[in-house]
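Colleague: The following comprises the amino acid sequence and a computationally predicted model.
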Amino acid sequence: MDYHAASPRGKITVVPTKPHATQRDLSLAYSPGVAYPCLEIEKDAGKANQYTSKGNLVAVISNGTAVLGLGNIGAVASKPVMEGKGLLFKAFADIDVFDIEIDTEDVDEFVNTVKRIAPTFGGINLEDIKAPECFEIEKRLVKELDIPVMHDDQHGTAIISGAALLNGLEVVNKDIGQIKVVISGAGASALSCAAHYVQLGVRKENLLICDSGGIMTKKRKDAAELNRYKAKFARDVPDGSIGDALVGADVFLGLSKGGIVTGAMVKRMASRPLIFALANPTPEIMPEEVARVRDDAIMATGRSDYPNQINNVLGFPYIFRGALDVAATEITEGMKMAATQALAKLAREPVPDDVAAAYGGEQIQFGPEYLIPKPFDARVLIWEASAVAQAAVAEGLTPPEIARSFNIETYQKELESRLGLTRSIMRGVMDQAARERKRIVFCEGDHPTMIKAAAQCIQERICEPVLLGRHHEIEAVMEELGLEFECEMIDPREDPRRSSIYTDELHKKRERKGVTRPDAKRLLKSRTYFGSMMVEMGDADGIIGGISRHYPDFLRPCLETIGTDSNAHRVIGTYMMTVKGKVMFIGDATINIYPDARTLAEIAIQTARVAKRFGIEPRVALLSFSNFGSSGA
C-alpha cells in the first residue's frame with residue numbers, strides 16, 4: 001500500500017516533452033503557434049502522428065468487471081491495475097499510456113464511449129472485461145476503428161503460451177498435429193488460447209476444454225446453455241471431469257483456479273507431458289506435486305518463483321510497439337502469430353550474461369526449464385516488435401509510404417536505440433565490426449562466458465572468433481551450454497608455430513631482457529602469450545582475455561609481444577561505463593598508479609580519442625586518485 005500511496009500517488013504521470021520556460025516557448029506550445037499543426041492535421045488526419053503524441057499513445061481501458069482474480073470490483077477499483085499496465089507499457093516498450101475506466105457494463109455504451117475518444121490514441125488495449133461481453137466489445141471495436149485494438153486478457157496468454165508450447169514440443173520431440181491438449185477454464189483467455197493453438201497446428205478434434213461443468217461436450221445436459229463462443233469448442237465425446245479429460249493428454253493448460261488438478265490425474269497423462277498451470281497466485285497444481293509423481297514432465301506457471309513463467313508482459317508492450325511504429329490499422333491473427341514465433345525463436349538463442357545476471361547469475365539455456373525468454377531480456381523488444389511490424393506491412397495494414405520505406409534491419413536498429421544510449425553506441429560499433437570482420441583471439445576459450453560471447457559474435461556476424469584451449473574441453477563446455485556453432489579452435493601446446501616462428505620472434509623481442517629461446521618456447525604454452533603473438537604476427541587482429549586471470553597477468557604478455565605505439569608516452573587503460581543513462585569513459589583506473597603531469601595529460605588525450613572512436617564528443621574532467629582497492633601501492 002505504501003508503494004502505491006507514496007508521492008506522487010499512483011504509478012504514472014504526465015511530463016512535458018517540449019521547452020516551456022519562456023514566453024516564446026509557451027506561444028509555440030499553445031497559442032498562437034499551435035494553430036499551424038492544427039491546420040495541417042485538418043488537411044491530413046494522418047499527420048496527427050507527426051505533430052502530436054498520438055502515434056506513441058495507447059489507451060488502457062476497462063470497466064472493472066474481471067480484474068485479475070478479484071472479479072467484478074467496478075471501474076474505479078480497477079484503476080491501480082490499469083496504471084500498472086501503463087507502467088509496463090512505458091518500462092518495456094517506451095509507449096505512453098492514459099488509463100481510462102468506463103463505468104458501464106452495457107456493451108453498446110462501452111463501445112460508443114471508446115469510439116468517441118479513439119481519435120486521441122494510436123492504439124486501444126482493452127483490459128479486465130468479463131466474458132462473453134469482452135468478445136463482442138473487441139470484435140466491434142476492431143471492425144469500427146482504424147487503429148490497433150486488442151483485449152490482452154484474451155490474446156496475451158495465447159501468444160506467450162503458444163511460444164512455450166512450440167518449444168516444449170521441440171524439447172519432448174512431439175508433433176503438434178498429433179498431441180492431445182486439455183484446457184481447464186472457458187473464459188476469454190482459455191478460448192483465445194484454444195483458437196491460437198489450433199492455428200499453430202493442434203487439431204481441433206484433439207482439443208478438450210473443461211469448464212465448471214466438466215468437459216464441454218455436445219451431449220451434456222447443459223449443452224444448449226453454452227454461449228456461442230464456448231459452443232465452437234464443444235466436442236462430440238462422452239461427458240466427463242477434468243480427471244477424465246487428462247487421461248493420455250500430452251498438454252495441460254490451466255486458466256481456471258488453484259488446486260483442481262491432483263498428482264493422480266497427472267500420473268495418467270502421456271509420457272513427457274507439458275503442464276502449463278497458470279492460475280494465479282495458486283496454480284491448478286504446484287510444481288512440487290508434479291515432481292513427486294512425474295520426473296518427465298515439463299512445467300510452466302504464471303509465477304516468477306518457478307521456471308518458465310508465462311507472463312503477458314512478454315506480449316502486449318511489444319505487439320503494440322510494432323503496430324504503432326508502422327501505423328497499423330489493426331492487430332491481426334497474423335501479427336499475433338508473428339509474435340509467438342519470434343518469442344519461440346529467441347528462446348533458442350544463447351542468453352547474454354546481462355540477462356543471466358538479472359536472474360541471480362543462474363545458467364540459462366534452452367531446455368525444459370527455459371522455454372520462453374525472460375521478461376527482463378531486452379532483446380524481446382527487438383525480436384518481437386520487428387516481427388509484428390513486418391507482419392503488418394506484409395498484410396497491407398500500413399500506409400503506403402510506410403510500407404514502401406520499411407526496412408526490417410533499419411527498424412531493428414531504431415528499436416535498439418530505445419534501449420538506451422549504450423545500446424545505440426554499441427550498435428554503431430557492431431555495424432562497423434560486421435563490415436570489417438576481424439579475427440579475434442579469445443584467450444580463455446574454454447570459459448563458458450567466452451564461449452557464449454563467441455557464439456553471439458558469430459550470430460551478430462561481428463567478428464571471426466578463435467578459441468584458445470584444448471578442443472575436447474571447449475566442446476564439452478559448448479555441449480553443456482547447449483550451443484552449436486562452427487569456430488576455429490587452437491591448442492597452443494600442439495600448434496607447430498609455438499616451437500618455430502613464434503618462439504623465434506618472441507626470443508628476438510625479449511632476449512635483451514634475459515629471455516632465452518627455451519624460455520620463449522615455454523612462455524608460449526601460455527594462452528595469453530600465444531594469443532598476443534598471433535596478433536603481433538598478423539595471424540589475428542585483436543585479443544580478448546582477463547576473465548579468469550588478474551589484469552596484470554593478461555596485460556603484461558601483450559606489452560611484451562605486441563608492444564606500444566611509437567607515439568605513446570604511456571600505456572593507459574580505459575573503461576566505458578553507463579552512469580544514469582549517460583556513457584562515460586574512465587581512464588586510467590587500471591595501470592598508472594601515481595601519474596605525473598605529462599601522464600595525466602596523455603591519459604586525458606588518449607581517453608578522449610577512444611570516446612571519439614565511439615562517436616561521442618568528449619568533455620574531460622580530472623578526478624583525484626583513489627588510495628584503496630586491489631593495488632598494492
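Modeller: That came in fine, so what should we check first?
Colleague: For stretch 410-423, list every residue counted as buried.
Modeller: Residues of stretch 410-423 classed as buried: Tyr411, Gln412, Lys413, Leu415, Glu416, Leu419, Arg423 (neighbour count, 16 or more other C-beta atoms under 10 Å). Bear in mind the C-beta positions are built from the backbone N, C-alpha and C, glycine included.
Colleague: need these in CSV with pLDDT, secondary structure and distance to Glu401, can you?
Modeller: Formatted as CSV, these follow (pLDDT from 0 to 100; DSSP: H, G, I helix; E, B strand; the rest coil; distance: C-beta to C-beta, whole Å):
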residue, pLDDT, secondary structure, distance to Glu401
Tyr411, 93, helix, 15
Gln412, 90, helix, 20
Lys413, 85, helix, 20
Leu415, 89, helix, 20
Glu416, 83, helix, 23
Leu419, 75, coil, 27
Arg423, 65, helix, 28
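Colleague: Just flag the most distant two among the residues you listed.
Modeller: Pairwise distances among the buried residues of stretch 410-423 were taken by C-beta to C-beta; the largest, 14.7 Å, belongs to Tyr411 and Arg423.
Colleague: pLDDT value on Ala224, please?
Modeller: Ala224 is assigned a predicted lDDT (pLDDT) of 53.
Colleague: Which parts of this protein belong to which domain?
Modeller: Structurally, the chain divides into domains by automatic domain parsing as follows: 2-17+53-147, 155-305, 313-417, 437-561, 567-633.
Colleague: would you turn those into JSON lines with distance to Asp431?
Modeller: As requested, those are arranged in JSON lines below (distance: least, C-beta to C-beta, whole Å):
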{"stretch": "domain 2-17+53-147", "distance to Asp431": "22"}
{"stretch": "domain 155-305", "distance to Asp431": "29"}
{"stretch": "domain 313-417", "distance to Asp431": "8"}
{"stretch": "domain 437-561", "distance to Asp431": "9"}
{"stretch": "domain 567-633", "distance to Asp431": "11"}
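Colleague: Packing partners of the one helix or strand Ile605 maps to?
Modeller: In this structure, Ile605 sits in helix 597-613 according to DSSP states H and E. Judged by 3 or more C-beta pairs under 8 Å, 6 or more residues apart in numbering; DSSP states H and E, helix 597-613 is in contact with strand 582-586.
Colleague: and the strand it packs on, what's its mean pLDDT?
Modeller: For strand 582-586, the mean per-residue pLDDT is 85.
Colleague: again, but for stretch 162-182
Modeller: Mean predicted confidence for stretch 162-182 is 96.
Colleague: Give the buried residues for that stretch.
Modeller: The neighbour-count criterion (16+ other C-beta under 10 Å) identifies 162-169, 171-172, 174, 176, 179-182 as the buried residues of stretch 162-182.
Colleague: same deal with stretch 209-217?
Modeller: Ile209, Cys210, Asp211, Gly213, Gly214, Ile215, Met216, Thr217.
Colleague: Can you name the element that comes right after the host helix or strand of Phe320?
Modeller: Taking DSSP H and E as the definition, Phe320 sits inside helix 316-325. Following helix 316-325 in sequence order, the next helix or strand is helix 333-347 (DSSP H and E).
Colleague: Would you mind pulling the contact partners of that following helix?
Modeller: Contacts to helix 333-347, defined as C-beta atoms under 8 Å, 6 or more residues apart in numbering, come from residues 155, 158-160, 162-163, 166-167, 196, 199-200, 314-315, 318-319, 322-323, 328, 366, 370-373, 377, 379-380, 383-384, 386-388, 390-392, 394-395.
Colleague: where are the low-confidence patches of the protein?
Modeller: For the chain, the stretches flagged by pLDDT under 70 are 221-227, 357-361, 420-425, 427-428, 580-581, 625-633.
Colleague: can you rerun that using 50?
Modeller: The model of the chain has pLDDT under 50 over residues 633.
Colleague: what residue is smack in the middle of it?
Modeller: What sits nearest the mean C-alpha location of the chain, by C-alpha atoms, centre = their mean, is Val380, with 2.5 Å.
Colleague: Spatially nearest residue to that one, not counting backbone neighbours?
Modeller: The shortest distance from Val380 to any non-neighbouring residue, by C-beta to C-beta, 6 or more residues apart in numbering, is to Pro373 (5.3 Å).
Colleague: can you check Leu483 too?
Modeller: Closest to Leu483 by C-beta to C-beta, 6+ apart is Ala455, at 5.1 Å.
Colleague: and if you look at Pro80?
Modeller: In space, Pro80 comes closest to His4 once its chain neighbours are excluded; the distance is 6.1 Å by C-beta to C-beta, 6+ apart.
Colleague: With only the CA atoms kept, save the biggest helix by length in the chain in CSV.
Modeller: The longest helix of the chain (DSSP state H) is helix 152-172. What follows is helix 152-172, C-alpha atoms only, in CSV (Å, rounded to 0.1, in the frame of the first residue of the first chain):
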residue,chain,number,x,y,z
ASP,A,152,-4.9,-8.5,-23.7
ASP,A,153,-6.7,-11.0,-21.4
GLN,A,154,-7.9,-12.8,-24.5
HIS,A,155,-4.7,-12.9,-26.6
GLY,A,156,-1.7,-12.2,-24.4
THR,A,157,-1.7,-15.6,-22.7
ALA,A,158,-2.4,-17.3,-26.0
ILE,A,159,0.6,-15.6,-27.7
ILE,A,160,3.1,-16.3,-24.9
SER,A,161,1.9,-19.9,-24.0
GLY,A,162,1.9,-20.6,-27.7
ALA,A,163,5.6,-19.9,-27.9
ALA,A,164,6.1,-22.2,-24.8
LEU,A,165,4.0,-24.9,-26.5
LEU,A,166,6.1,-24.8,-29.7
ASN,A,167,9.4,-25.0,-27.7
GLY,A,168,8.1,-27.5,-25.2
LEU,A,169,7.1,-29.9,-28.0
GLU,A,170,10.6,-29.5,-29.6
VAL,A,171,12.2,-30.5,-26.3
VAL,A,172,10.0,-33.6,-25.9
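Colleague: What helices and strands are in contact with that helix?
Modeller: On a contact count with 3+ C-beta pairs under 8 Å, 6+ apart, helix 152-172 meets strand 123-126, helix 133-144, helix 188-200, strand 251-254, strand 274-277, strand 298-301, helix 316-325, helix 333-347.
Colleague: Report the next helix or strand after that helix in sequence order.
Modeller: Following helix 152-172 in sequence order, the next helix or strand is strand 181-184 (DSSP H and E).
Colleague: Tell me the spacing between the residue nearest to the centre of the chain and Ala158.
Modeller: 17 Å (C-beta to C-beta, to the nearest Å).
Colleague: which SS state does Ile451 fall under?
Modeller: Look at Ile451: counting by DSSP: H, G, I helix; E, B strand; the rest coil, its state is helix.
Colleague: got the residue ranges for the strands in the stretch 451-600 of the chain?
Modeller: Using DSSP state E, counting those that start in this stretch, the strands of the stretch 451-600 of the chain run over 463-468, 488-490, 542-544, 575-579, 582-586.
Colleague: Note down every partner strand of the second one and its orientation.
Modeller: Applying DSSP bridges, strand 488-490 is found paired with strand 463-468 (parallel).
Colleague: and the strand it pairs with, C-alpha only, in CSV?
Modeller: Extracted C-alpha coordinates of strand 463-468, given in CSV (Å, rounded to 0.1, in the frame of the first residue of the first chain):
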residue,chain,number,x,y,z
CYS,A,463,34.0,-11.0,-35.9
GLU,A,464,35.6,-14.4,-36.5
PRO,A,465,36.4,-15.8,-33.1
VAL,A,466,39.4,-18.0,-32.4
LEU,A,467,39.1,-20.0,-29.2
LEU,A,468,42.3,-21.0,-27.5
